[in-house]
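Visitor: Quick one, structure for this:
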Amino acid sequence: MRITPSSRRPVHPDLLPRLVHRGRRQRAEVASGEQSLKLVFKSSSSPRGFLKMPRRKKSRLDPVAGGRQIASKAQVDGTKQASPHAICKLYEHINEGQRVAVRAMGTGPLLDIKCAYLHNTVLTWFTRLYHSGRRGFVVPGRGFIPLTEESVYHILGIPRGDIEVKYEADYDMEQEFAASLFPGDGSTPKITTVATAIINHNEADDRFKKLWLIYIVSTVLAPTTDARISNKCYPMLADINRADRLNLCKFVVDQLHEHLSKGKYTNGCLLYCMLRYLDALDCDGMELELTDTPYRVNAWSRTQVDVVAELDMLEHDPPCFGKLQLKEEFREEAASGSGTSTLGSEALVASKPG
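Guide: Numbering: from 1, shown residues only. The predicted structure follows:
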């Protein structure tokens, strides 16, 4: 029974600890003088005479940031939004003519992504190693992995041309392109709407190219936690016939730097982050049998990602990595970088559980 204001009666303070409720969750309000005490009871089988307190939520501790609480499971699982599976699932729907168009745009390597999923445990750990001042990842006790245009090109194989990618709101372009690309769906349709538009379009024309560019930017190159595309995508479509000259590598770097510097660890190109770390590990003698391709996105399979991540894991709870050494080029850069040893030692202490 809910106690209404009209039915409130003063209760002696000595009787308050003996208040017990069993059954469905209810709220009782007991007024004594000018003070009002609210008690919330939960369904419980606790013995009479004992008040069961709400269970404290288990916090997820950041293995790098000295035990500070990190994003909730829902936020971490938000990396699914940025999963390359969004692109891989379209492979069977893209015809040969459209594949030729995609390759002409300089984004051909994205038609053969070997690992369609993200290793969230590695990403949860690695993205928090980002040092905005040095524009790279300080790996605990092992070295430094820089965030560069060259590395993005080496990992993803996307264009690194001379045209700056315009990623900003432009109302005129938004109205112009949205009307032809997404009639009836507004200027910020769901990403799934873009996928459906690509599947239903059989031509390799400018409309397909625009849809493809918006889709790869929204799902892999610069995704956010929003399920809709950003209206900032429209200005880059003006250069669609020169897409192979866009500097998408710089765009990926700038977006990652902006988001990671603000602690937004589920935004930006997480596929690059995952492959950048794993590919920086010294895996000689492991017989991984990585495909000999120019771009690492076409070499690392899901099995290889899982195997190397497991071999590199130091602790499972909380997860942290560091069993394997970095390749010599990253160890050398760590040794010569100013302040690296201090940062590395601090991160190493913070990465240890407890």
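Visitor: Name the residue closest to the centre of this protein, please.
Guide: Thr266 (2.5 Å; Cα atoms, centre = their mean).
Visitor: so how far is Leu256 from it?
Guide: 12 Å (Cβ to Cβ, to the nearest Å). To be clear about C-beta, it is placed using only N, CA and C from the backbone, and glycine gets the same treatment.
Visitor: about what we covered before: are we agreed that the residue nearest to the centre of the chain is in a strand?
Guide: No. Using DSSP: H, G, I helix; E, B strand; the rest coil, the assignment for Thr266 is coil, not a strand.
Visitor: mind saving the C-alpha coords of stretch 195-203 as CSV?
Guide: C-alpha atoms of stretch 195-203 as CSV (Å, rounded to 0.1, in the frame of the first residue of the first chain):
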residue,chain,number,x,y,z
ALA,A,195,23.3,0.3,-46.5
THR,A,196,19.9,-0.4,-47.9
ALA,A,197,20.3,2.3,-50.5
ILE,A,198,23.6,0.8,-51.6
ILE,A,199,22.1,-2.7,-51.8
ASN,A,200,19.2,-1.5,-53.9
HIS,A,201,21.3,0.5,-56.3
ASN,A,202,22.8,-1.5,-59.1
GLU,A,203,24.6,1.3,-61.0
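Visitor: Average pLDDT for it, rounded please.
Guide: Stretch 195-203 carries an average pLDDT of 97.
Visitor: and that stretch, which residues are buried?
Guide: Going by neighbour count (16 or more other Cβ atoms under 10 Å), the buried part of stretch 195-203 is 195, 197-198, 201.
Visitor: hey, C-alpha coordinates of the lengthiest helix in the chain in CSV?
Guide: Ranked by residue count under DSSP state H, the longest helix found in the chain is helix 248-261. The C-alpha trace of helix 248-261 is given here as CSV (Å, rounded to 0.1, in the frame of the first residue of the first chain):
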residue,chain,number,x,y,z
LEU,A,248,41.5,10.3,-46.1
CYS,A,249,44.6,9.3,-44.1
LYS,A,250,44.9,12.7,-42.6
PHE,A,251,41.2,12.8,-42.0
VAL,A,252,41.4,9.5,-40.0
VAL,A,253,44.4,10.8,-38.0
ASP,A,254,42.6,14.1,-37.1
GLN,A,255,39.4,12.5,-36.1
LEU,A,256,41.2,10.0,-33.8
HIS,A,257,43.3,12.6,-32.3
GLU,A,258,40.3,14.8,-31.5
HIS,A,259,38.2,12.0,-30.0
LEU,A,260,41.0,10.2,-28.0
SER,A,261,42.2,13.5,-26.6
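Visitor: now what about that helix, what contacts it?
Guide: By Cβ atoms under 8 Å, 6 or more residues apart in numbering, the surrounding residues in contact with helix 248-261 are 106-107, 127, 130, 132, 135, 147-150, 152-153, 156, 158-160, 164-165, 167, 221-222, 265, 267-269, 272-273.
Visitor: same thing but at 7 Å, please
Guide: With Cβ atoms under 7 Å, 6 or more residues apart in numbering as the test, helix 248-261 has contacts from 127, 130, 132, 135, 147-149, 152-153, 158-160, 165, 167, 221-222, 267-269, 272.
Visitor: got it, and stretch 89-96?
Guide: Residues contacting stretch 89-96 (Cβ under 7 Å, 6+ apart): 111, 195, 198-199, 202.
Visitor: can you do 6 Å?
Guide: Ile199 (Cβ atoms under 6 Å, 6 or more residues apart in numbering).
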